[in-house]
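Asks: Fold the following.
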Amino acid sequence: MRNTLIASLALAAFVAAAGQAAAHASVKSTTPTDKASVASPEELDLTFSEALNLPFSKLHLLGPDGKEIEIGKGVLKDADKTMTAPVTGPLKPGTYTVRWNVLSVDGHKTNGTYTFTVKP
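Replies: Residues are numbered from 1 along each chain as shown. This next block holds a predicted model:
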């Protein structure tokens, strides 16, 4: 009986941990899309699997030289799952990196990067 109880508790703990790991906000889509070749975008849009906590979430845009380019303040839409930030001016041709650091409303932090190229 004791072994059955221990096994049941271990299984419950495993299932709970697996459910928590799946709760992290991950990117579902981006605009511009990853590795796309586009005209200079007017904004960056990242849609996540979970709602975000805006004060603790940030988008960064890095230019072809690796230096950060100032963009507008991010806002949330679509039930707080899409973070949008305006690009404040036209981007020169080259490859750009979007770096994101977000906190989902359930308290999990995630981050990542993707790239796109601005056509001449």
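
Asks: And for residue 34, the neighbour number?
Replies: When neighbours are counted by other Cβ atoms under 10 Å, residue 34 registers 12. Backbone N, C-alpha and C define where each C-beta goes, glycine included.

Asks: Excluding residues flanking it in the chain, which one is nearest it?
Replies: Closest residue to residue 34 apart from its sequence neighbours, by Cβ to Cβ, 6 or more residues apart in numbering: residue 114 at 4.1 Å.

Asks: just the helices in this protein please.
Replies: Ranges of helices in the chain, per DSSP state H, are 2-21.

Asks: what stretches of it score poorly on pLDDT?
Replies: 1-23 (pLDDT under 70).

Asks: Tell me where it has strands.
Replies: 27-31, 36-38, 43-48, 58-62, 68-69, 75-77, 82-86, 94-103, 109-118 (DSSP state E).

Asks: buried sites along the third one?
Replies: So the one you mean is strand 43-48. 44-46, 48 (16 or more other Cβ atoms under 10 Å).

Asks: Dig out what the spatially closest residue to residue 54 that is not a sequence neighbour forms beta bridges with.
Replies: Using Cβ to Cβ, 6+ apart and skipping the chain neighbours, the partner closest in space to residue 54 is residue 76 (5.3 Å). Residue 76 forms beta bridges with residue 83, as assigned by DSSP bridges.
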